[in-house]
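Peer 1: Can you look at this prediction? I've put the sequence above it.
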Amino acid sequence: MNKLVYLTLLYSIALINGRLSRFRLLYDAIADGEKGHLGINLKFPLP
């Protein structure tokens, strides 16, 4: 329940500020962490 409320709040803020791509990046990172896919990921390139 807390995750749903938190992500809904973040989505609303991202929508208002036009930062949906940043929200999607955060959502993908959270999902990967929950699945146990830790470490380097090609979706998130490092400089």
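Peer 2: Happy to help now that I have it. Numbering: from 1, shown residues only.

Peer 1: what pLDDT, on average, does whichever helix or strand residue 24 is part of get?
Peer 2: Taking DSSP states H and E as the definition, one finds residue 24 inside helix 20-35. Helix 20-35 shows a mean pLDDT of 91.

Peer 1: Please shift the residue numbers so they start at 44 in all later answers.
Peer 2: Let's use 44 as the start, then, which means that last one is helix 63-78.

Peer 1: Kindly indicate whether the closest residue to residue 63 other than its chain neighbours is helix, strand or coil.
Peer 2: In this structure, residue 63 finds its nearest non-sequential neighbour in residue 57, 5.4 Å apart by Cβ to Cβ, 6 or more residues apart in numbering. (Each C-beta comes from the backbone N, C-alpha and C, glycine too.) Here residue 57 is recorded as helix under DSSP: H, G, I helix; E, B strand; the rest coil.

Peer 1: what about residue 63, neighbour count?
Peer 2: When neighbours are counted by other Cβ atoms under 10 Å, residue 63 registers 11.

Peer 1: Quick check: it touching residue 53?
Peer 2: No. Taking Cβ atoms under 8 Å as the definition, residue 63 is not a contact partner of residue 53, at 10.6 Å.

Peer 1: Now do the shared contacts for the two.
Peer 2: Residues touching both residue 63 and residue 53 by Cβ atoms under 8 Å, 6 or more residues apart in numbering: none at all.

Peer 1: gap between residue 57 and residue 87?
Peer 2: 17 Å (Cβ to Cβ, to the nearest Å).

Peer 1: Neighbour count: these two, which is higher?
Peer 2: residue 57 (17 against 10).

Peer 1: That one and residue 70 touch, don't they?
Peer 2: No. The pair residue 57 / residue 70 is not scored as a contact, 9.6 Å apart, by Cβ under 8 Å.

Peer 1: residues touching residue 83, list them.
Peer 2: Contacts of residue 83 (Cβ under 8 Å, 6+ apart): residue 89.

Peer 1: For it, which three-state class applies?
Peer 2: Note that with three-state DSSP, the state of residue 83 is coil.
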